[in-house]
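Asker: Attaching a predicted model along with its sequence, questions to come.
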Amino acid sequence: MAVGNGHNGMKGLQLFIADLRGSVQSEDREKRIQSEMVNIRKQFEASESLSGYQRKKYVAKLAYVFIATNTTKLSDVVFGLDQCCELLGSNVYSEKFIAYMTLELLYHHANINDSIGRRATQQVKKDLASTDDDVVCLALNFLGVVGKSHEELTHELIHEVFQVLRSPTSAQILKKKSALAFLALLRNDSSILTQDVRRKHLWIQRIISLLDDSSNYRLMISVLPLIEFIAREVDSQACVKLIPQLSTILQNCIFAENRPADEFHRNQISSGIPDPWIVTKIVSILNFLICSPSSTSGEVTFSNIDQATLGKLRVCVTKVIEIGTRPAVDVIMRTIQNTILFSLINFASKLDPSVDAIASSVNALCSLLSSNETNTRYLTLDCLTKLCSINGKGARDEVRAYHIEQLFQILATERDSSIVRKLVDLLYTLTDVGNVQMIVNELLKYMTGSRQPDHHIRSDIAVKVAILTEKYAHDTNWYVVVTLKLLSLANASFNNDDIWQRLCQIVVNNESLHQLTCRHLVEYLYQPNMSEPLVKAAAFLLGEFAESVASEVSCGDLFNLFTNKYFGVSNLCRAMILTTMMKLYKRDSLIGSALIKFYQLELNSLDVQLQTRSYEYLKIIQLEKIHGVNLSDVLFLPMVPFSAKKNPLLNRLGPSDQSVSELTSFSSSDNTISTVPTPPLSRSHRKPPASNRYEEQTLSANWEEAFRRTLKHKQGVLYTCSFIKVLYRLNTVSSHPELLEVTLTYVNTSDWPITSLLTELVAKKTEDDPPYVLKVISVPASTVAMGERTTHKFEILTRHAYPLNQCPIVNVSFRSNGHFSSLGLKIASSITSTIVSTHTDGRPGVTLPQFVQRWRALGDALGKDGEFHGSAIFAQSNTYNHVKSCVGKLGFEIVEQSMAESTIFAAGIVRTKVDGSSGCLMKIECRDSQVDIICKTTHGGYLSELVAGCVLEALR
Amino acid sequence: MSIKFVICLNKQGALRLIRLFEPFSGDANSSQSTIAQIYKLISSRDHRHQSNFVEFSDSTKLVYKRYAGLYFVMGVGLQDEELIYLSHIHLLVEVLDAFFGNVCELDIVFNFHKAYMILDELIIGGEIQETCKDVILERVNYLDRLS
């Protein structure tokens, strides 16, 4: 042993351990433990005279006993908890360590917390405040281990832990440990953040800024899990703006081999292989934040991400496929290569991959299927299944076309049942109308094969085959044959009734199947060994529809067949047969005497249910014979169709499986449902985005002034303070006036670099017919050196007109000289920014007579409904000129006229994506400081009101 | 989303290390039966022909690997990606190996407290804290010298 009894060692402990190992007989061992317990008790009772070293030694012995007895002696060691707490207060590191270690072992067990929780919490609090970093580390370790399951720890200590995390003077090791201890406490109870919006905002900002230090990837490993938790459970919106930054880190990590000086390079396990821990964590966060392309609920999909970021992510996927398919040095390297490969391929489907990209993913994976490592095959199948279900058609078609034989080959040869399960999942996902027969046949072949698959797999395959045959069958005969075959295989390997019951439902509901199914069932009945589910199906269906096969087999024959089966089946099945016999009797009273004998025999049955049933049926026959009442016609009415549309088997797949579409009744023979399986519910617990998010935004002081500026001027200053200046430029293209391109330039005007510059756009509504849609073109750099600038571009597409108070908000947060700042600014993407000039080639677009004529025409057509009257008072010296210049800046054409004094006639055309163009005419009368507007638009009064609103706002 | 527990068992099923980041599901005081079930499950698996992953309960799957006479087992969520945890285990074993110098079961038996010390520098709160072997070794050697 290289490490033995340094000054840290405990000789007594070592001897005790050696003694226990020496005891061959378990009684000796038990005796040795008991005598030591007695000794420790005695020592602890006289605790005043106990030295720290001795206390440590005894507590360590208790810990050892707990472990060495596979935790069975918990109740025997708890007497030492008080002394353990005593030891926790020691100033000697190794003593404190043993105390924490022992508590960490025992703390999850019930009652421990009740007895010493208070004391331990107080000591942890004290240690967190210690000036000795090693002591703080011990306390943080402790919280990391037990914090997740003890609520009071969260309430008592989370502030202290956060102080360690945020303090700029904390050593790196403290930051790392505090990030994870904080996470453990937060997992226990995240209400500390969710219930206080201000704190949530501040704390999350601090935590996010820990990612900034791009020269320090050590810290990142501990911070990423915390950010992932915040994204998933606390505030995903706050993390969306991290997508560009995370993508950059991911790219740096994956391409680290090209830059040997990089910190990532040092982190690399071997040259050319990126750090799998950082890659998987980042991909996991991105995978959560970015929704699949089919998402419709207004969340982030690839289309909301700027092109540069999307490009980075796509490049990462390509690179990783290249790395992942390289030959590996050894098993460990292979594991790491695969980790990265699977992680990125699973994510790739979110990035709107091209057909070629999908094909190369599929090919890379399928090449791994022939690996001789079980892990690789297992995970490759898992990854393929995910790819096929999320990515939909592309990947499925690729696998179907080129790799399905390979999958069947694996099914035929694979020995590991967990791999077979994955394979069955994959085949299930791949099934469609075209290949259902082939896949089902292969699965049935596997079930009947020489290798005896275990119970779980048989049951799993049976359920899946039943669903697939029902869902994709285009030939009813085939459906019946396969389902019956499936039931016939089911010798006790799956004791569920769902499959045969489902068959019965479908047959009852589809008259065309009655005769066909009954014929097959009769054939099975003639065979000596018939599985019980099949007997049940036969008992029910032949009881109902014996007539359909009356020409081939008589009721008497059926009666005999069932009698033969009767004694080989369970009581439940027997009870069903008793009823079937009664139904047969109803059709053909010739079997009466045999039946009566049979029932009389069953009166002696040990089973009370069978006894009762036989007795009752006998009575019915008697009553009918003696009194001539026809009871059986009333009691055994034909089966009415089932109403359950949903296949109950689907429930058995569990919520994590991709669901197949709900079953519709088997009415048509060309039943082809080709729904795409929905993606796994990876985001199922995501909380819907808060609907009042827009209202929650805090806007910077003086935002209104800048807002009005953006209404009137195409460029200017949006914000300025001692750290930063934000300039804006608004552009529209005349062919698409409804599309406003916004360029923001952030200029660092301070004497320090700006870091953590993150931006976010908040729309009033993102779903349910939103008035406008925001799209980021490029994001600013996250770091801006002194005097430098960075640009931020996005587009606002106006779908339909909306009031000014719904304009989009730009949130900017950054850090400068240790200060965190956040800005909230509104951009006036008003209806007036979509004005198309009516000028053509320098000639005025609207002449006075035209204006007057249109004004009248609008009035005639829409009356008062198309008009809006508004007025306002301004303290302006020259109102007329002010209004004239304002209206001109907004983009309206001023119609020169001398008809009405102090009145401005203005015209313009506004355009939105949904409603198209709309003509807009205004008469603005200026009297002293009062302005009266009459606005008419071809789209009616609401639009008129909005346009007038913009003009009045611009005048203020 | 994170590691639920780390367990080290020998070939006979005797517990060598246990670190719970959340209590075992079920009766918290019967962890020995959970440990016995884990042992039964993984020891029955064919290590040449079966994967290092196996579902354990409705909420947990095991990622495990045998090194000589010791099983290292991590319990993770069903949705977690398995492979990275195999790298966790390997890293832990490498650090133990470097720290003890060709580690064997006895090292962990007699110095279980040091094994815990190493674990604390590797995994906290169910998440990996440090991935660079040299950094971890430097740290644990420093802690080992503290009195």
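Answerer: Ah, there it is. Numbers count the residues shown, from 1 in each chain, chains lettered A, B, ... in the order given.
Asker: Find the least confident helix or strand in the chain, judged by mean pLDDT.
Answerer: All of this is about chain A. In chain A, no helix or strand scores lower on mean pLDDT, DSSP states H and E than helix A:263-267, which sits at a mean of 55.
Asker: you looked at the wrong chain, it should be chain B
Answerer: Going by mean pLDDT, DSSP H and E, chain B bottoms out at strand B:53-55, a mean of 87.
Asker: who does that strand pair up with?
Answerer: strand B:60-67 (antiparallel) (DSSP bridges).
Asker: What's the first helix or strand after the partner strand?
Answerer: The C-terminal neighbour of strand B:60-67 among helices and strands, as given by DSSP states H and E, is strand B:70-77.
Asker: what angle do the helix or strand just after that next one and strand B:70-77 make?
Answerer: Sequence-wise, the next helix or strand downstream of strand B:70-77 (DSSP H and E) is helix B:82-100. For helix B:82-100 against strand B:70-77, the angle by axes from the mean of the first three to the mean of the last three Cα atoms, to 10 degrees is 140 degrees.
Asker: tell me what helix B:82-100 is packed against?
Answerer: The contact analysis (3 or more Cβ pairs under 8 Å, 6 or more residues apart in numbering or on different chains; DSSP states H and E) places helix B:82-100 against helix A:276-289, helix A:331-348, helix A:374-390, strand B:60-67, strand B:70-77, helix B:105-110, helix B:112-122, helix B:133-145. In short, each C-beta sits where N, CA and C put it, glycine included.
Asker: ok, the third one near chain B or not?
Answerer: So that's helix A:374-390. Yes: using Cβ under 8 Å from any Cβ of the partner chain, helix A:374-390 comes into contact with chain B via A:Thr374, A:Asn375, A:Arg377, A:Tyr378, A:Leu379.
Asker: Which residues are in contact with residue 82?
Answerer: In the absence of a named chain, chain A is used. A:Phe44, A:Ile116 (Cβ atoms under 8 Å, 6 or more residues apart in numbering or on different chains).
Asker: That was the other one, I meant chain B.
Answerer: Here B:Glu82 is in contact with A:Asn375, A:Leu379, B:Asn52, B:Phe53, B:Lys61, B:Val63, B:Val76 (criterion: Cβ under 8 Å, 6+ apart).
Asker: rewinding a little: can you list the residues that contact the least confident helix or strand of chain B?
Answerer: Taking Cβ under 8 Å, 6+ apart as the rule, strand B:53-55 contacts A:Asn375, A:Tyr378, A:Ser418, B:Leu41, B:Ile42, B:Arg45, B:Lys61, B:Leu62, B:Val63, B:Tyr64, B:Leu78, B:Glu82.
Asker: Not counting sequence-adjacent ones, nearest residue to the third one?
Answerer: Nearest non-adjacent residue to A:Ser418, counting by Cβ to Cβ, 6 or more residues apart in numbering or on different chains: B:Ser51, 5.7 Å away.
Asker: and what of the second one?
Answerer: Distances taken as Cβ to Cβ, 6+ apart put B:Ser51 closest to A:Tyr378, at 4.2 Å, once the chain neighbours are dropped.
Asker: out of the residues of helix A:374-390 next to chain B, which is most surrounded?
Answerer: A:Leu379 (27 neighbours; other Cβ atoms under 10 Å in any protein chain shown).
Asker: Distance of the residue of the stretch 751-900 of chain A at minimum distance from chain B relative to A:Leu81?
Answerer: In the stretch 751-900 of chain A, no residue comes nearer to chain B than A:Ser756, which is 22.7 Å away by Cβ to the nearest Cβ. From A:Ser756 across to A:Leu81, the span is 45 Å (Cβ to Cβ, to the nearest Å).
Asker: Redo the helices and strands packed on helix B:82-100 as CSV? Include distance to A:Ser94 and mean pLDDT.
Answerer: What follows is the helices and strands packed on helix B:82-100, written out as CSV (distance: least, Cβ to Cβ, whole Å; pLDDT from 0 to 100):
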stretch, distance to A:Ser94, mean pLDDT
helix A:276-289, 30, 92
helix A:331-348, 34, 88
helix A:374-390, 40, 86
strand B:60-67, 28, 92
strand B:70-77, 26, 94
helix B:105-110, 16, 92
helix B:112-122, 9, 95
helix B:133-145, 9, 92
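Asker: Right, I'll leave it there.
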